[in-house]
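Student: coords below, sequence missing:
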């Protein structure tokens, strides 16, 4: 019974922290941090220098966080992204994800789909 109460309290505290935005990314801080990303992804994440470089604008924030964490941990392997992500702190990742998720994706490429 005591374990159940403790788990319930912890679950409630965790959900309140998430609801209050604790640890949430700051898009403005992400914009400042995204300057280096712009070389391949464009300043708003709408550019792709080649077919292997994804557009980041409008992606789900959670996906971007997970991808950057995986690059940083070496779970996802990319010669360019691994050293870039290795320099990022958790808050940097949250800020970058918030910034790129807030951008509007460029839909011009849809006209090329047949």
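Tutor: Looks like it came in fine. Bear in mind that the values here come from a model prediction, so they are computed numbers and not experimental data.

Student: Helix or strand for residue 66, just tell me which one.
Tutor: Following DSSP states H and E, one finds residue 66 within helix 61-73.

Student: Just the residues contacting that helix, thanks.
Tutor: 25, 56, 76, 78, 81-82, 84-86, 88, 93-94, 96-98, 100-101 (Cβ atoms under 8 Å, 6 or more residues apart in numbering). To be clear about C-beta, it is placed using only N, CA and C from the backbone, and glycine gets the same treatment.

Student: which residues of this structure score low on pLDDT?
Tutor: Counting by pLDDT under 70, the chain shows low-confidence ranges at 1-23, 107-114.

Student: Helices of that one, start to end?
Tutor: Secondary structure of the chain, counting by DSSP state H: helices at 2-19, 27-33, 38-41, 61-73, 81-86, 90-102.

Student: Adding distance to residue 51 and mean neighbour count, write those helices out as a markdown table.
Tutor: As requested, these are exported to a markdown table (distance: least, Cβ to Cβ, whole Å; neighbours: other Cβ atoms under 10 Å):
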| stretch | distance to residue 51 | mean neighbour count |
| --- | --- | --- |
| helix 2-19 | 36 | 10 |
| helix 27-33 | 25 | 17 |
| helix 38-41 | 12 | 16 |
| helix 61-73 | 18 | 17 |
| helix 81-86 | 16 | 16 |
| helix 90-102 | 19 | 21 |
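
Student: now those helices in JSON lines, with distance to residue 50?
Tutor: JSON lines is the format used below for those (distance: least, Cβ to Cβ, whole Å):
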{"stretch": "helix 2-19", "distance to residue 50": "37"}
{"stretch": "helix 27-33", "distance to residue 50": "23"}
{"stretch": "helix 38-41", "distance to residue 50": "9"}
{"stretch": "helix 61-73", "distance to residue 50": "18"}
{"stretch": "helix 81-86", "distance to residue 50": "14"}
{"stretch": "helix 90-102", "distance to residue 50": "18"}
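
Student: Done for today, thanks.
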